[in-house]
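*Asks:* generate coordinates for the sequence data below:
(chains A, B, C and D)
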4 protein chains.
Amino acid sequence: MPTSRLEAFSDGVIAIAITLLVLQIKIPSTGVESLRHVLLHQWPAYFSYAVSFLVIGVMWVNHHQIFSHVGRADRVVQFLNLGLLMSIAFVPFPTAVVGEFINSSSGEQTAAVLYGVCFTIIALFFNTLWQYVIRTPGILEADADPRVIRGITRSYRPGMPLYASATAIAFVSPIASVALFGAIAIFYMLSPARFGGAAG
Amino acid sequence: MPTSRLEAFSDGVIAIAITLLVLQIKIPSTGVESLRHVLLHQWPAYFSYAVSFLVIGVMWVNHHQIFSHVGRADRVVQFLNLGLLMSIAFVPFPTAVVGEFINSSSGEQTAAVLYGVCFTIIALFFNTLWQYVIRTPGILEADADPRVIRGITRSYRPGMPLYASATAIAFVSPIASVALFGAIAIFYMLSPARFGGAAG
Amino acid sequence: MPTSRLEAFSDGVIAIAITLLVLQIKIPSTGVESLRHVLLHQWPAYFSYAVSFLVIGVMWVNHHQIFSHVGRADRVVQFLNLGLLMSIAFVPFPTAVVGEFINSSSGEQTAAVLYGVCFTIIALFFNTLWQYVIRTPGILEADADPRVIRGITRSYRPGMPLYASATAIAFVSPIASVALFGAIAIFYMLSPARFGGAAG
Amino acid sequence: MPTSRLEAFSDGVIAIAITLLVLQIKIPSTGVESLRHVLLHQWPAYFSYAVSFLVIGVMWVNHHQIFSHVGRADRVVQFLNLGLLMSIAFVPFPTAVVGEFINSSSGEQTAAVLYGVCFTIIALFFNTLWQYVIRTPGILEADADPRVIRGITRSYRPGMPLYASATAIAFVSPIASVALFGAIAIFYMLSPARFGGAAG
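*Replies:* Numbers count the residues shown, from 1 in each chain, chains lettered A, B, ... in the order given. Down below sits the predicted model:
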């Protein structure tokens, strides 16, 4: 299978997942006392929307970076990529749970942990896929620059620990944990030395 | 990152956002006294559907116009584009709120302001992105025609004030405010001298 | 604007609209006495899903046929195409209404009329777009075969009356009216002389 | 119609269907006693999400395999492909029913049978399409390797019986039946000799 088709399909899934995020924001019904109050009160839904949008956006960049170096997508690459997409396409669910619970009196910790675990699993898939790509003969593009490859590998190293730590912070402050994922995504996007792993 | 891939991803997000608008229209349940009455009564939902469809459609044209002149998408372009997509993908939410509240006895003003603010933020992103594109060396395509570029820049000028004014009209007539966004989109689409900024 | 990009965007919107149809089928909740009974009882939802899927599928073929002869998409083509997409992307709504009401004791006529009117409006957009394409100098591809163009024009002629008639049948039998749209789509797909207009 | 456009449209529908699966997972509301308990309790929803994601992913690979050998898409190919897409785009519905009922005290058998029947119908469409492709003169690519074609034909043979058997197992253990579809998909993806038919 040519990687161009795999990339187009993956791009499609990621674009759809990122756009479905908005459906999880509740539409208030007429009869509420003050629409303004209700709209302001559900700020956690907008907040989790924005954070998830940023994180998935960065994952899209990341996914592209990996596949720009893949010359041949064998069975295992296809399988790991499907697992990766499965976890990215799942993001609207924890996003909605965070939007519902992050500001409530109970469940806010569980919501943030679910959120963080989901992203940590995605980071795990990114790492596994990348390790497979660089270790299996005949997968990397023939003319891949070893320095670029080493740079990406190095950039993936802080990813998993960083995501796991951000998840752990949910036990101290659920909201800080969610915000941290957004901050990591922004830092990643604007940082000159992109550290891929942290962003997925 | 080649701009072709950025454009394809952006096109995907915009196409999905525009098509998700329909999901926010409520399906009446059996047991209503008169289906015809219920269907006619929820005209604001069809109205906001049509207006948002037109406005997002124009934004898609606009987005294409900008990126047809971008030769290289650096980190900042990617970041600003992600912010732009985040605000466009958000449109189904204010559209649904307008559909629910624009004809109700309370909340109609808040709904229209939310709607207008959302589009004004999108216009702000379009402007910021365009200003960055033309002011940063090495971003514009090498063979970009300066007259065309100046023409686009000029066309963006009335955008923000026009959108802000349309939003302000919500305090006088919420429904006129929403209708105005549709009128601006139609005018933009059919006008010989496209004024990009107003349409996003 | 190159037509290739317009076509890609339109394909995206049509593919999304056709796939969103499934979301309108209600998921029964645990606690129902017999799941089998509930699933069988909501056959109108599957029926309207299948009919709309076929009709939108044919519209996609139709859309492609038109744009394969368009050499230049001017402002009016873009505007008419946006109106066409707006009406196609609306289809999930009448589909859901038909699925809910076609087998109920009241509202079944209104549902079928809504359904038929929606498709008749789409056919109107197809006709208007095609008439504009063939009558405006410089829109058709330079090497378009006049016989092929005449053939398409002829094939569009029965479309609007056929759709309007199928809609009118809703006053006699709502369910027959909906079924007729499906039959027209199947006939169109398998007929050697495609009559475009009827299918959109 | 060039097959490239048919493939792009089909890819779009499949990518959307696979990404819509997540919408069927219920978002708990604040006020539940324990969010953790509610989230763990709805494990069948995650389970059916994962299985359907894998199966649709394999179907995508399968669809690509067929069309990489199709040189010309005639009317019947287009019609069968539309039927195939209609059944794949339907998958989110049985997936949601399984997620709701597979662990409940009643309806779990019906849910699993619905799920299996849906996939068996998809396999039927895949088989019919492939048989039509290889038996109709002028459909296969001129330079198609007969050994490859025979290999695919052979690989399709166990598909329908395997899917029908997995469905029948629902009468013994609904959950095992659903799990089996996931196992078949994983086996298919990682097996050296891909047996197309079983995977769709």
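*Asks:* quick one: least confident helix or strand in chain A?
*Replies:* Across the helices and strands of chain A, mean confidence by mean pLDDT, DSSP states H and E is lowest for helix A:146-156: a mean of 90.
*Asks:* counting by contacts, list what that helix packs against.
*Replies:* Judged by 3 or more C-beta pairs under 8 Å, 6 or more residues apart in numbering or on different chains; DSSP states H and E, helix A:146-156 is in contact with helix A:108-135. Every residue, glycine included, has its C-beta placed from N, CA and C.
*Asks:* circling back: is the helix or strand that the least confident helix or strand of chain A is followed by anywhere near chain D?
*Replies:* Beyond helix A:146-156 in the direction of the C-terminus, DSSP states H and E gives the next helix or strand as helix A:159-168. No: using C-beta under 8 Å from any C-beta of the partner chain, we find that helix A:159-168 stays clear of chain D, coming within 15.0 Å at best.
*Asks:* within range of chain D, give me the residues from chain A.
*Replies:* Proximity of chain A to chain D, by C-beta under 8 Å from any C-beta, involves residues A:1, A:5, A:8-9, A:12-13, A:16-17, A:20, A:23-24, A:75-76, A:78-79, A:82, A:85-86, A:89-93, A:96-97, A:100-101, A:104, A:106-107, A:110-111, A:114.
*Asks:* now the buried members of those.
*Replies:* A:1, A:5, A:8-9, A:12-13, A:16-17, A:20, A:23-24, A:76, A:78-79, A:82, A:85-86, A:89-93, A:96-97, A:100-101, A:104, A:107, A:110-111, A:114 (16 or more other C-beta atoms under 10 Å in any protein chain shown).
*Asks:* about what we covered before: report the buried residues of the least confident helix or strand of chain A.
*Replies:* Using 16+ other C-beta under 10 Å, the residues of helix A:146-156 that count as buried are A:149, A:152, A:155, A:156.
*Asks:* where does pLDDT dip in chain A?
*Replies:* The model of chain A has pLDDT under 70 over residues A:1, A:192-200.
*Asks:* what about the helices in it?
*Replies:* A:3-20, A:35-41, A:43-67, A:75-90, A:92-101, A:108-135, A:146-156, A:159-168, A:174-190 (DSSP state H).
*Asks:* deepest in the core, which of these is it.
*Replies:* With neighbours defined as mean count of other C-beta atoms under 10 Å in any protein chain shown, the helices of chain A peak in mean count at helix A:92-101, which reaches a mean of 26.
*Asks:* one step back: make JSON lines out of the helices of chain A and add distance to residue B:180.
*Replies:* Listed next are the helices of chain A as JSON lines, based on distance: least, C-beta to C-beta, whole Å:
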{"stretch": "helix A:3-20", "distance to residue B:180": "26"}
{"stretch": "helix A:35-41", "distance to residue B:180": "21"}
{"stretch": "helix A:43-67", "distance to residue B:180": "25"}
{"stretch": "helix A:75-90", "distance to residue B:180": "38"}
{"stretch": "helix A:92-101", "distance to residue B:180": "31"}
{"stretch": "helix A:108-135", "distance to residue B:180": "39"}
{"stretch": "helix A:146-156", "distance to residue B:180": "48"}
{"stretch": "helix A:159-168", "distance to residue B:180": "43"}
{"stretch": "helix A:174-190", "distance to residue B:180": "34"}
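*Asks:* of these, which is nearest residue D:160?
*Replies:* With respect to residue D:160, and counting by C-beta to C-beta, the nearest of those is helix A:75-90 at 23.5 Å.
*Asks:* for the closest one, packing partners?
*Replies:* Identification of packing neighbours for helix A:75-90 by 3+ C-beta pairs under 8 Å, 6+ apart yields helix A:3-20, helix A:43-67, helix A:108-135, helix D:3-20, helix D:43-67, helix D:174-190.
*Asks:* and with 6 Å instead?
*Replies:* The helices and strands touching helix A:75-90, judged by 3 or more C-beta pairs under 6 Å, 6 or more residues apart in numbering or on different chains; DSSP states H and E, are helix A:3-20, helix A:108-135.
*Asks:* contacts for it next, please.
*Replies:* If you take C-beta atoms under 6 Å, 6 or more residues apart in numbering or on different chains as the criterion, helix A:75-90 is touched by A:10, A:13-14, A:17, A:121-122, A:125, A:128-129, A:132, D:19, D:22, D:53, D:57, D:189-190.
*Asks:* so which residue of chain A comes closest to chain C?
*Replies:* Nearest to chain C, among the residues of chain A, is residue A:16, at 8.1 Å (C-beta to the nearest C-beta).
*Asks:* give the contact list for that residue.
*Replies:* Neighbours of residue A:16 in contact, by C-beta under 6 Å, 6+ apart: B:16, D:16, D:19.
*Asks:* and the nearest residue to it once chain neighbours are set aside, how far is that from residue A:93?
*Replies:* If you skip the residues right next to it in sequence, residue A:16 has residue D:19 as its closest partner in space, 4.0 Å away by C-beta to C-beta, 6 or more residues apart in numbering or on different chains. When C-beta to C-beta, to the nearest Å is the yardstick, residue D:19 and residue A:93 sit 12 Å from each other.
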